[in-house]
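Novice: predicted structure and sequence below. I'll ask about it afterward.
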Amino acid sequence: MTTPVTTGAGQSLQPLRLMFSLALLGYAALHLGFQLLTWIIPAMGTTLVSRSLNADFLDLLVLSFPLVAVLIATHLAPQLAAAKVLSLVALVEYAVAVFFGAIAFLIGLGGFGWVDTFPEAVQALGHMVLTVARLGLVALAGYAVLRVFLALGGRITVPAALKSPTP
């Protein structure tokens, strides 16, 4: 059995691009899924407000992994055949992150009743400002993926073999 000869470091990673894209999107989806479960299911001694304050729907992994997966699939030559589907999955992940991140933020605002001193006020203000900034960054990354998706054709078509016959 012979192994293919590669001419450069870039070509040696070409077969792994789909695997990397799927892994990044899969990890972000798993992260969002487990965050949703820990946000919904009450733990001992927690309230929805306290869980909302600590929800990580908008963390760095959710911000960067889907965008990197789409860039790997679309902006390295040759473009992957599944690039349109991968960008759609990334769009769904960003929509889920923005939706639940915004809801958790709004519910978590009720948890700032403990602010009594200046350091607590600074901490609460920092939490609010940084959460709004993360929400904006995730929305911006989602917009970038939306533009890529629209540049790829903007919709997923069902092959004729999978369509139901019309009478």
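Specialist: Received the coordinates, thanks. Numbers count the residues shown, from 1 in each chain.

Novice: run the chain-centre distance for the strand or helix carrying residue 140.
Specialist: Using DSSP states H and E, residue 140 sits in helix 118-151. Its chain's C-alpha centre lies 13 Å from the corresponding centre of helix 118-151 when counted by CA atoms, centre = their mean, to the nearest Å.

Novice: pull out the buried positions in it.
Specialist: 124, 127, 131, 134-135, 138-139, 141-142, 144-146, 148-149 (16 or more other CB atoms under 10 Å). Backbone N, C-alpha and C define where each C-beta goes, glycine included.

Novice: tell me which stretches of the chain form helices.
Specialist: 9-12, 17-40, 48-53, 60-74, 83-108, 118-151 (DSSP state H).

Novice: so for the longest one, mean pLDDT?
Specialist: Put plainly, it is helix 118-151. Taken as a whole, helix 118-151 has an average pLDDT of 93.

Novice: which elements pack onto it?
Specialist: helix 60-74, helix 83-108 (3 or more CB pairs under 8 Å, 6 or more residues apart in numbering; DSSP states H and E).

Novice: now mean neighbour count and mean pLDDT too, for these, in a markdown table please.
Specialist: Output for these, formatted as a markdown table (neighbours: other CB atoms under 10 Å; pLDDT from 0 to 100):
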| stretch | mean neighbour count | mean pLDDT |
| --- | --- | --- |
| helix 60-74 | 21 | 94 |
| helix 83-108 | 20 | 95 |
